[in-house]
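Novice: how would this look folded up:
(chains A and B)
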Protein chains: 2
Amino acid sequence: MEYVISDRVQTLKPSAIREIFKYAADPTVVSLSAGNPAPEAFPTEAIAEISAKILAERPVDVLQYSVTEGYPPLRRAVWDYMQTKYNVGNENDDILITSGAQQVMDLFTKTVCNEGDTVICEAPSFIGSLNSFRSYNCRLCGIPMDDQGMRPDLLEKALQTEKNVRFIYIIANFQNPSGITTSFERRKAVYELAKKYNVMIVEDNPYGELRISGENVPCIKSLDTEGLVVYAGSFSKVLSPGMRIGYAIAPKPVLQKMIVCKQGEDVHTNTWAQMVAHEFMTNYDFEGHLASLREIYKKKANFCMDLLDKYLVPAGISYSRIEGGLFIWCKLPDNAKISMTEFCKQAVLNKVCVVPGNAFLTDETEQCSSFRINFSTPTDEQLEKGIRILGKLASEVL
Amino acid sequence: MEYVISDRVQTLKPSAIREIFKYAADPTVVSLSAGNPAPEAFPTEAIAEISAKILAERPVDVLQYSVTEGYPPLRRAVWDYMQTKYNVGNENDDILITSGAQQVMDLFTKTVCNEGDTVICEAPSFIGSLNSFRSYNCRLCGIPMDDQGMRPDLLEKALQTEKNVRFIYIIANFQNPSGITTSFERRKAVYELAKKYNVMIVEDNPYGELRISGENVPCIKSLDTEGLVVYAGSFSKVLSPGMRIGYAIAPKPVLQKMIVCKQGEDVHTNTWAQMVAHEFMTNYDFEGHLASLREIYKKKANFCMDLLDKYLVPAGISYSRIEGGLFIWCKLPDNAKISMTEFCKQAVLNKVCVVPGNAFLTDETEQCSSFRINFSTPTDEQLEKGIRILGKLASEVL
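Specialist: This is a model prediction of the structure:
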């Protein structure tokens, strides 16, 4: 039979990172291309203990159908946590538990975008979200960043010229892939522009708790007096990504529609994971756990940046120091005689795998002189080996 | 701010059943309106045992990111099971693990339907799937059924006259809500018509293992030489709905696109649930468990049908005996002086809750003289009480 594929899905491709993962699956290749939490960051004993308890005491609650909005005690716990700690969520908002923060992007795009509508994002940006927007046939418009975040002059120009802009997508903390943290002034500027042009903002904050230096910057959602920000949170980096739990804190009229969409998409999120997350947040030392994560990532990030200083900087590759998150963005010199695609290909042939920057652009065929390194997944030995190889390659080809 | 809601989501409403659940939440109301598996049907001890084992032995595998296609051992186990037992899946097909079978409807509709395309379904049909189709702005075309299933004459007429029909949605075993099992002749007729008019079929089979009498009827997918059937399977009724695991066995070109959509929707399905399901299927007595489920539901269904014979049939309400599943479809007499909406409203006021048949129609405002009873969720006492009340009401108002 000749299959008919919808217009929206016709041009959709698997993420370029997944293609790179094929090389990374070769055990002789050092992968600096993933985005997994460090395995030692999982509170495995606590999760096993909680799991045993809930399956012994309340098995039917774990195994039976539940409500689409999410497990009520988890909704309350997350709401209280985000209110108290970050001033996120007010009387105009409500909370929905999702199957990972990825689902927030999907449900929100489905709810507010018609095909052909425009989504503004940072350039570069997280490929998973971009693909979610693409899957509803949205036009993507990337706004270049400086070290403070999205450039407001270019953002305003886009808001003036692009048609049917529905929302601005922003990862304000330790952005994936650039590592940039948007400054407070810039967050306010983005919020004011959204207000002025009557568009919404999706603030995706998967890495916010993983700050390793500097001071916390208030969330854009904490400025949201007008009800125009959807906050996307995640347990993937603070508890476990395999559990697939995220949440949206969003204005009620929009959230209500997202709930109806979720009902038709997966009915509700896995209950076991929601109950485990609730117990862990409320009856365990959640803050202590977050502190230990920050220690793990601080050590790994600093180790990685020391290696970059030692092996890559002398060869002409620059990078920006990060204050948190899982990624470092490295840039080839302007006079490099090799394309990024070719550099990454040579790297793989030399048994190390990084992600070429163009994978994170709204148009993947554009040129980009940067690549992304992840330091949370590899061991220290793998990091050292991988970055040493990259340095040797750089000194040969640049 | 004034919120813009997409055309596709604008008119989407929460399922009528969910509205009825509000009444059902009143503990003094007997709910015959749900669709939950019987709580005693969960293999709670086995699940607790498996969960403890995998969290002790392979915690990182349980908690880390996994692949979108699904946990490979579970994919293999389900594939082998469906191949061996039901001849479902051939060399043109592959398998995707989803977050419940509901997600199969979502991903497939997203993959093959443009807005305005037509989906043909049985009339009545499962409201969750209908809402999923509606959420992509599909036109729904319901085909009336007789006791053999969808009427092929009306199906062919629809295939001739409806524009851009993308697929036929069918629950061939113990249909929700009608309880009808499509005969083998009828399955062949539906398949031949799909082939003739070059449209696909989604065969949704959540209740297939819950046969309490009669002989198994081959799946439509087992006839699929042309690669036009997507088979949707579920663990919700044979293991646990709270775990949210389903699967699609579908022609590769379509499944590949569904996988890309799933990546943008929720990355992958909860890993714990997939690993528990795999262990339960392969290292426990899965067939024995299914046999015990059939015993539970046989007892409950027969008990329920005896009550219907005792209380409703004498009052003029008829029903069709079922061979499996969780639902019984009851019909008011043709000369009833009360509308179905009014009958269900009166029932709630008398503290028993059933679902009016029009909730399952493509146009909910159409008249329908039937209502749906569920016998798996209530206890025997609740069933007896609820049906006795309905009988009393019927004798008063009909």
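
Novice: now the helices for the stretch 101-250 of chain A?
Specialist: All helices of the stretch 101-250 of chain A, identified by DSSP state H, counting those that start in this stretch, fall at A:102-112, A:127-134, A:152-161, A:184-196.

Novice: With mean pLDDT and mean neighbour count added, can I get those in TSV?
Specialist: (Glycine included, C-beta is placed from N, CA and C.) Shown next, in TSV, are those (pLDDT from 0 to 100; neighbours: other Cβ atoms under 10 Å in any protein chain shown):
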stretch	mean pLDDT	mean neighbour count
helix A:102-112	98	28
helix A:127-134	95	24
helix A:152-161	98	15
helix A:184-196	98	19
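
Novice: Pull the contacting residues for the residue lying closest to A:Ser240 once chain neighbours are set aside.
Specialist: The shortest distance from A:Ser240 to any non-neighbouring residue, by Cβ to Cβ, 6 or more residues apart in numbering or on different chains, is to B:Leu63 (3.8 Å). For B:Leu63, the contact set (Cβ atoms under 8 Å, 6 or more residues apart in numbering or on different chains) comprises A:Phe42, A:Thr44, A:Ile47, A:Ser240, A:Pro241, A:Gly242, A:Met243, B:Thr271.

Novice: do A:Gln175 as well
Specialist: With Cβ under 8 Å, 6+ apart, A:Gln175 has these contacts: A:Glu122, A:Ser125, A:Phe126, A:Met145, A:Gly149, A:Thr181, A:Thr182, A:Gly325.

Novice: Does A:Tyr136 touch A:Gly116 like I think?
Specialist: No: the criterion here is Cβ atoms under 8 Å, and A:Tyr136 misses it with A:Gly116 at 9.7 Å.

Novice: and these two? which has more neighbours close in?
Specialist: Set A:Tyr136 next to A:Gly116 and count neighbours by other Cβ atoms under 10 Å in any protein chain shown: A:Tyr136 wins out with 25 against 11.

Novice: Give me the distance between that one and B:Asn137.
Specialist: 12 Å (Cβ to Cβ, to the nearest Å).

Novice: neighbours of the residue nearest to A:Ile5 when sequence neighbours are not counted, just the number please.
Specialist: Among residues not flanking A:Ile5 along the chain, B:Lys257 sits closest, at 5.9 Å (Cβ to Cβ, 6+ apart). Neighbour count for B:Lys257, taken as other Cβ under 10 Å: 24.

Novice: hang on, B:Lys257 is in a strand, isn't it?
Specialist: No: B:Lys257 is assigned helix when assessed by DSSP: H, G, I helix; E, B strand; the rest coil, not a strand.

Novice: right, and it touches B:Thr111 too?
Specialist: Yes: the pair B:Lys257 / B:Thr111 is scored as a contact, 4.5 Å apart, by Cβ under 8 Å.

Novice: Chain B: which of the contacts of A:Gln175 is nearest?
Specialist: Proximity of the contacts of A:Gln175 to chain B (Cβ to the nearest Cβ) peaks at A:Phe126, which lies at 11.3 Å.

Novice: Whether the helix or strand where A:Ala46 lies contacts chain B - can you check?
Specialist: Per DSSP states H and E: A:Ala46 is located in helix A:44-57. Yes: Helix A:44-57 lies within reach of chain B by Cβ under 8 Å from any Cβ of the partner chain, at A:Thr44, A:Ile47, A:Ala48, A:Ser51, A:Ala52, A:Leu55, A:Ala56.

Novice: After that helix, which helix or strand is next?
Specialist: Downstream of helix A:44-57, the next assigned helix or strand under DSSP H and E is helix A:59-63.

Novice: Now that next one - C-alpha only, PDB.
Specialist: Output of helix A:59-63 as PDB, limited to C-alpha atoms (Å, rounded to 0.1, in the frame of the first residue of the first chain):
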ATOM      1  CA  PRO A  59      -0.900  -1.400  45.500                       C
ATOM      2  CA  VAL A  60      -4.300  -0.600  43.900                       C
ATOM      3  CA  ASP A  61      -3.500   3.100  44.000                       C
ATOM      4  CA  VAL A  62      -0.200   2.500  42.200                       C
ATOM      5  CA  LEU A  63      -1.700   0.100  39.600                       C
END
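
Novice: list the buried ones in it?
Specialist: For helix A:59-63, burial by neighbour count (16 or more other Cβ atoms under 10 Å in any protein chain shown) applies to A:Pro59, A:Asp61, A:Val62, A:Leu63.

Novice: do the same with stretch A:344-363
Specialist: Under the neighbour-count criterion of 16+ other Cβ under 10 Å, stretch A:344-363 has A:344, A:346-348, A:350, A:352-362 buried.

Novice: Okay, and which of the residues you listed map to helices?
Specialist: Judged by DSSP state H, these include A:Cys344, A:Gln346, A:Ala347, A:Val348 as members of helices.

Novice: Give me the neighbour count for A:Gly288.
Specialist: Neighbours of A:Gly288 (other Cβ under 10 Å): 10.

Novice: For it, grab phi and psi.
Specialist: With angles defined as degrees, to the nearest 10, A:Gly288 sits at phi -60, psi -40.

Novice: Check A:Asn374 too.
Specialist: Backbone geometry at A:Asn374, expressed as degrees, to the nearest 10, gives phi -110, psi 140.

Novice: measure the residue lying closest to A:Ile212 once chain neighbours are set aside to chain B for me?
Specialist: In this structure, A:Ile212 finds its nearest non-sequential neighbour in A:Lys298, 3.8 Å apart by Cβ to Cβ, 6+ apart. The spacing between A:Lys298 and chain B, counted by Cβ to the nearest Cβ, to the nearest Å, is 21 Å.

Novice: my hunch is that A:Lys298 is in a strand, does that hold up?
Specialist: No: assessed with three-state DSSP, A:Lys298 is helix; it does not lie in a strand.

Novice: In contact with the spatially closest residue to A:Cys344 that is not a sequence neighbour, which residues are there?
Specialist: Among residues not flanking A:Cys344 along the chain, A:Pro356 sits closest, at 4.4 Å (Cβ to Cβ, 6+ apart). Contacts for A:Pro356 (Cβ under 8 Å, 6+ apart) come out as A:Ala16, A:Met340, A:Thr341, A:Phe343, A:Cys344, A:Cys368, A:Phe371.

Novice: The last one: neighbour count?
Specialist: Counted with other Cβ under 10 Å, residues neighbouring A:Phe371 total 27.
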